[in-house]
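Asker: quick one: sequence plus predicted model below, questions after.
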Amino acid sequence: MDQLRRAAEWRRQEQRSARALITDADIIALFEPRTPREASPSAGDGDGDGTLTTSLDSPPPVVAPHRAVASVPGFVSPALALLAAVSILQGYTLLNVVPAGGWQTSAILFAAVTFPLSVLLTRPHGGGPRTITEKAVASSAALVAVMTVTALVIDRPSVTHLLGVSDLMFALVALGAVLVNERATRPTGLR
């Protein structure tokens, strides 16, 4: 019986010490911004020992984000990643990193597909204004289209290399948009 009593006492002590441990949520709550709900203490506040009780210990209210990025369809990120991959290949071809025969047909076809597709993929859902990311993707696709027309009109190697650089810039912006979309749709608790 004595062993059972000691085991029960040990168990109670373990439970008390487990309750005393600070959890991750407690630590995170320490850094959450808090706003006092009551600026001046009333006559009934306090614990009777001269200390005031404030409402700072309650968790902060949850504020909804300005625009839910989770409304981006699931096919947008893979489509932008595919466009970025083709854009990298096209840019390396125009910079003569990847040897290829002619560049004009592939560049015209890429510009003709990239601009409307990127504008379509980055259109705002819900009728709101475009975000900076959506504007950047559409602008870089427009730059690719303008540089393609310029390279067709001015047939010089330097202009062709600028077209290759604009293709690589589009790929960078598109991959950045994929990163923004995926980080915004992923729950913050899972990593």
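Answerer: Alright, I've got the coordinates.

Asker: buried ones in the longest helix anywhere in the chain, by neighbour count?
Answerer: Assignment by DSSP state H gives helix 157-185 as the longest helix of the chain. Within helix 157-185, the residues scored as buried using 16 or more other C-beta atoms under 10 Å are 159-160, 162-164, 166-178, 180-181, 184. All C-beta spots, glycine's among them, are computed from the backbone N, C-alpha and C.

Asker: low-confidence bits of the protein, can you list those?
Answerer: For the chain, residues meeting the criterion pLDDT under 70 lie at 16-72, 101-103, 126, 185-191.

Asker: mind listing the helices for it?
Answerer: With DSSP H as the criterion, the chain has helices spanning 2-20, 24-31, 76-94, 104-121, 132-153, 157-185.

Asker: quick one: the fourth one to helix 157-185, angle?
Answerer: Between helix 104-121 and helix 157-185, the angle comes out at 30 degrees (axes from the mean of the first three to the mean of the last three C-alpha atoms, to 10 degrees).

Asker: what residues does helix 104-121 touch?
Answerer: Contacts to helix 104-121, defined as C-beta atoms under 8 Å, 6 or more residues apart in numbering, come from residues 76, 79-80, 83, 86-87, 90, 93-94, 100, 137-138, 140-142, 144-145, 148-149, 151-152, 163, 167, 170, 174.
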